[in-house]
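K.L.:
Whatever this is, show me its structure:
(chains A and B, ligands or ions: 5)
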Amino acid sequence: MAESPFKVDIERAEKELTEKMTPGAIAYIPGSSVINKTGSWRVFKPEFNKDKCVRCFLCYTYCPEPAIYLDEENYPVFDYDYCKGCGICANECPTNAITMVREVK
Amino acid sequence: MAVRKPPITTREYWAPGHAACAGCGCAIIMRLATKAFSEAMEEKYGDPNAFAIAHATGCMEVVSAVFPYTAWKAPWIHVAFENAAAVASGIEAAWKKLGYKGKILAFGGDGGTADIGLQALSGMLERRHNVVYIMYDNEAYMNTGIQRSSSTPYGAWTTTSPPGKYSIGEDKPKKWVALIAAAHMVPYVATASIADPYDLYRKVKKAAKVDGPAFLQIHGPCVPGWRIPPEKTVEVAKLAIETGVWPLFEIENGDIRNIKFQRFPKDGKFKKPIEEYLKLQGRFKHLFKRPGAIQELKEQIKEMWRVLGKEVELP
Ligand SMILES: Cc1ncc(C[n+]2csc(CCOP(=O)(O)OP(=O)(O)O)c2C)c(N)n1
Ligand code: SF4
Ligand code: SF4
Ligand code: SF4
Ligand SMILES: [Mg+2]
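P.N.:
Ligands and ions are numbered 1, 2, ... in the order given. All right, here's what the predicted structure looks like:
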């Protein structure tokens, strides 16, 4: 399984970020929003059926978070730490390889 | 199956964890535009990171910069509501003096661009700063609770254009800032939409590569502001194009006699009625009880196409 392109950001933000004011109010860690695991917002969860996927990249292109990255074979990988469950990927997938199912927590 | 290369770069400048609503169309613009920009910088200067961003206040600024966090992975400055173009101009002038290679990107919403930032934008274009200004158009002031802007379409409900006994909702035609930008005769002006993400990507790259200013007006649906379900964001944007509501075009050097169109029906006849676009959105719900208003909107859309040099038929 490929790694999230944000792995280093997550590690750095979790290690270094403090709530203290910084000089000039500079948010000095690029991409530090990764500290917010927005996956907790989700009501519906995208379920991926690899057999139906034709690797068209559309879900990857459209995800607004992004909570989809690509594995070594360019299949989409869903990052449930950040997926807000909007359903755009499922709505736009040309082969119905993605189904939205109610989240159980 | 051979593994195809992704059509867009896998570098990301817009990180998750930002606070945009689920399904936000404008968040898609942020992500794709910065990806395209970096690809252009790589091709032009050999450095994908050769850019900085000035961002007007509005939803995309607020959701991406909840102190002390930032969703941006590029140098980024939050400025006031009205002056993204002015600040981008200043950064560009400083880069020039310092001998930095690269280009400045400015983002503003429709309120920040069509209304309060219009003068700063005009100055930036007039002075020929090497900046790409992207107006992400969600057609109202969303961040402060859905007030109308001059880019809100005719007939739309907003909190300051409420339909009722004496009102049909927004009662003025949409202002097309792309045409105002083109009147400055700058190298490149275009409209785009998340409905066609690869066209959007190509246009941002083109804008980033021209020498001098460029302006893009990009359609980005808003879930609460348009009263749409989150999964329909892209679908609604597609209908805007298929029904003739949103034109896709490019204007180079202000040459309005040679506008290049994308996805325009050859015979000028749009196949789907604008009602298909309107009915998916709660902000237009009241219009279905006022067919006269839908007819008026159709006339305004035809007039918009006429200004662009096209006679169209709307079913
Ligand atoms: C001078 C000034 N007036 C008002 C505001 C409050 N304000 C912040 S964002 C905003 C609306 C932004 O609308 P738009 O540019 O369309 O961006 P959107 O929120 O829709 O993305 C307003 C009125 C402000 N920040 N500065
Ligand atoms: S449901 Fe929305 S947030 Fe989740 S992966 Fe799909 S497009 Fe991304
Ligand atoms: S949109 Fe569907 S077919 Fe295309 S890559 Fe995503 S899951 Fe696969
Ligand atoms: S209010 Fe609209 S523009 Fe703002 S974050 Fe939500 S969906 Fe996006
Ligand atoms: Mg707006």
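K.L.:
where along the stretch 101-250 of chain B do the helices fall?
P.N.:
Using DSSP state H, counting those that start in this stretch, the helices found in the stretch 101-250 of chain B span residues B:110, B:118-126, B:177-182, B:197-209, B:223-226, B:233-242.
K.L.:
Could you say which of those is packed most deeply?
P.N.:
Stretch with highest mean neighbour count among those: helix B:110 (a mean of 28; mean count of other C-beta atoms under 10 Å in any protein chain shown). For glycine as for every other residue, the C-beta is placed from the backbone atoms N, C-alpha and C.
K.L.:
what does the stretch 101-250 of chain B put close to ligand 5?
P.N.:
Residues of the stretch 101-250 of chain B lying near ligand 5 by C-beta under 5 Å from the ion: B:109, B:110, B:138, B:142.
K.L.:
Which members of the residues you listed are the farthest-apart pair?
P.N.:
Spanning the widest gap among those are B:110 and B:142, at 9.1 Å by C-beta to C-beta.
K.L.:
Those residues of the stretch 101-250 of chain B touching ligand 1, which are they?
P.N.:
For the stretch 101-250 of chain B, the contact set with ligand 1 under C-beta under 6 Å from any ligand atom comprises B:109, B:110, B:111, B:112, B:138, B:141, B:142, B:143, B:144, B:149.
K.L.:
Just the buried subset of those, please.
P.N.:
Among those, those classed as buried by neighbour count (16 or more other C-beta atoms under 10 Å in any protein chain shown) are B:109, B:110, B:111, B:112, B:138, B:141, B:142, B:143, B:149.
K.L.:
Find the helix or strand that residue B:9 is a member of.
P.N.:
Using DSSP states H and E, no element contains residue B:9; it sits outside every helix and strand.
K.L.:
My error: substitute residue B:88 in the last question.
P.N.:
Counting by DSSP H and E, residue B:88 is found in helix B:84-98.
K.L.:
Now that helix - C-alpha only, PDB.
P.N.:
What follows is helix B:84-98, C-alpha atoms only, in PDB (Å, rounded to 0.1, in the frame of the first residue of the first chain):
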ATOM      1  CA  ALA B  84      -5.400  40.400  -3.000                       C
ATOM      2  CA  ALA B  85      -4.500  42.000  -6.400                       C
ATOM      3  CA  ALA B  86      -2.700  44.900  -4.800                       C
ATOM      4  CA  VAL B  87      -0.700  42.600  -2.500                       C
ATOM      5  CA  ALA B  88       0.100  40.200  -5.300                       C
ATOM      6  CA  SER B  89       1.300  43.200  -7.400                       C
ATOM      7  CA  GLY B  90       3.600  44.300  -4.500                       C
ATOM      8  CA  ILE B  91       5.100  40.800  -4.100                       C
ATOM      9  CA  GLU B  92       5.600  40.500  -7.800                       C
ATOM     10  CA  ALA B  93       7.400  43.900  -7.900                       C
ATOM     11  CA  ALA B  94       9.600  42.800  -5.000                       C
ATOM     12  CA  TRP B  95      10.500  39.500  -6.700                       C
ATOM     13  CA  LYS B  96      11.400  41.300  -9.800                       C
ATOM     14  CA  LYS B  97      13.800  43.600  -7.800                       C
ATOM     15  CA  LEU B  98      15.300  40.700  -6.000                       C
END
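K.L.:
ok so, going back, can you tell me which of the buried ones among the residues of the stretch 101-250 of chain B next to ligand 1 lies closest to residue A:12?
P.N.:
Nearest to residue A:12, judged by C-beta to C-beta, of these is residue B:143 at 28.8 Å.
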